[in-house]
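A.B. asks: From the sequence below, what's the structure:
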Amino acid sequence: MRPKHSSAGITLVVHGGSGNIPESEHAAHREGVIGALNHAWPMLQAGKSALDVVEAAVCFLEDYPAFDAGRGSCINRAGFVELDASIMDGSELSYGAVAGMRSIRNPVRAARKVLESEYTFLVGEGAREFALDAGLESCPEEWFQVEREIQRWRECSKEEPTAPAGPRGTVGAVARDSNGRLAAATSTGGPPCKPPGRVGDSPLIGAGLYAEDNVAAISVTGRGELLTRLLWSYRATLLVQGGMPAPAAAEAAVSFLGRLKAYGGIIIVDGDGRPGAAFNTQYMAYGIRMDNGEPDRISP
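C.D. replies: Residues are numbered from 1 along each chain as shown. Next up is the predicted model:
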């Protein structure tokens, strides 16, 4: 007989990117992460898998135009949006990712379709065709481009920034479900005025995310070229595996960034459902919800 679901130990953490995000945009970022919690939390309570829940949370954030993911993504040098996303199931260590993909409304859904296939990573036009063949929704370029990013594209330099200049809005979610399973997902449009074909850490396993049952689920945000070199998500996973609870592991992981003078933010849920969030940038929107009776923890 299949065991009944229990909400004991369920946890959901979401983030909306870290960086020099203007104070005028903080409220919209907070509203976005609260909306993602409200959207995905009932699924956890109903016994849905952590994998389904992080996909749903990130889909909400991709559709919420305050963030650099899905609608609202930064525009590249050529004047269009290229999308990267990844998702990982800690139960099987299964993973799916897409990069440099255009026109698909929810890149994280495409990553989930890749995870369910014989492949792990698809890019560019091939990723788009795969997503269309899987029945995913396509949107015109104009749907992805919001006025905030059109103005930024007009003003931004042709040179790739090397410091946390301007807002960031990569999104992510991690969850522990009622069966103790862990999952993570991350999605981004990349930095403003990136060259076509640029890929950062977000779709890369061990860099932009990692999940392993009984250990941790992790999603990160920041300067992708540096976070990839650090394998930041996997390094943080090793901290938890070594016995450090998620809150302490998140803070300790941020100290790794000093090695390359990098910046970023991280969210973690460990195998016991303990959440952690930390960053070394001006701001990161995040939200934490647990079933222990405590109020939500939302970034100020």
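
A.B. asks: all contacts plus neighbour counts: C-alpha atoms, from now on.
C.D. replies: Noted.

A.B. asks: most residues in a single helix of this protein, which one?
C.D. replies: Assignment by DSSP state H gives helix 26-45 as the longest helix of the chain.

A.B. asks: chain center to that one, what's the gap?
C.D. replies: Centroid separation between helix 26-45 and its chain, computed with Cα atoms, centre = their mean, to the nearest Å, is 13 Å.

A.B. asks: neighbours of the closest residue to Pro107 other than its chain neighbours, just the number please.
C.D. replies: If the residues on either side of it in the chain are set aside, Pro107 comes closest to Ala85, at 5.6 Å by Cα to Cα, 6 or more residues apart in numbering. Residues contacting Ala85 under the criterion other Cα atoms under 10 Å number 35.

A.B. asks: how near is Ala85 to Tyr95?
C.D. replies: The span separating Ala85 from Tyr95 equals 11 Å under the rule Cα to Cα, to the nearest Å.

A.B. asks: And Glu142, by the same measure?
C.D. replies: In terms of Cα to Cα, Glu142 sits 30 Å off from Tyr95.

A.B. asks: These two - which one has more neighbours?
C.D. replies: Neighbour comparison, Glu142 and Tyr95: the larger count goes to Tyr95, with 28 against 11 (by other Cα under 10 Å).

A.B. asks: Okay, and the beta partners of the more buried one?
C.D. replies: When bridges are taken as DSSP bridges, the partners of Tyr95 come out as Met88.

A.B. asks: so it makes contact with Leu115?
C.D. replies: Yes. With contacts defined as Cα atoms under 8 Å, Tyr95 counts as touching Leu115 at a distance of 5.1 Å.

A.B. asks: Find residues that contact each of these two.
C.D. replies: Overlap of the contact sets of Tyr95 and Leu115 (by Cα atoms under 8 Å, 6 or more residues apart in numbering) consists of Ile87, Met88.

A.B. asks: Send me the helix or strand of the chain with the lowest mean pLDDT as CSV with only the CA atoms.
C.D. replies: Within the chain, no helix or strand scores below helix 147-155, which has a mean of 92 by mean pLDDT, DSSP states H and E. This file holds the C-alpha atoms of helix 147-155, laid out as CSV (Å, rounded to 0.1, in the frame of the first residue of the first chain):
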residue,chain,number,x,y,z
GLU,A,147,10.2,48.5,-21.3
ARG,A,148,12.7,48.4,-18.4
GLU,A,149,15.0,46.1,-20.4
ILE,A,150,14.5,47.9,-23.7
GLN,A,151,15.7,51.1,-22.1
ARG,A,152,18.7,49.3,-20.5
TRP,A,153,19.6,47.7,-23.9
ARG,A,154,19.6,51.2,-25.5
GLU,A,155,21.9,52.6,-22.8
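
A.B. asks: tell me which residues in that helix are buried?
C.D. replies: Burial within helix 147-155, assessed by neighbour count using 16 or more other Cα atoms under 10 Å, is assigned to Glu149, Ile150, Trp153.

A.B. asks: ok, those residues vs Ala28, which is closest?
C.D. replies: Glu149 (15.0 Å; Cα to Cα).

A.B. asks: In space, what's closest to that closest one - neighbours in sequence excluded?
C.D. replies: With Cα to Cα, 6+ apart as the measure, Cys74 is the residue that lies nearest to Glu149, at 5.7 Å, once sequence neighbours are left out.

A.B. asks: in a strand, that's where the one you found is, yeah?
C.D. replies: No. Assessed by DSSP: H, G, I helix; E, B strand; the rest coil, Cys74 does not belong to a strand; its assignment is coil.

A.B. asks: That one and Val98: what is the separation?
C.D. replies: Separation of Cys74 from Val98 (Cα to Cα) stands at 17 Å.

A.B. asks: and what of Asp213?
C.D. replies: Taken as Cα to Cα, the spacing of Asp213 relative to Val98 amounts to 23 Å.

A.B. asks: what do you get for Ser202?
C.D. replies: Between Ser202 and Val98 the distance is 10 Å, computed by Cα to Cα.

A.B. asks: in the sheet, who's paired with Thr188?
C.D. replies: Taking DSSP bridges, one obtains Asp84 as the residues bridged to Thr188.

A.B. asks: rewinding a little: Asp213 and Val98: which has the busier surroundings?
C.D. replies: Val98 (33 against 19).
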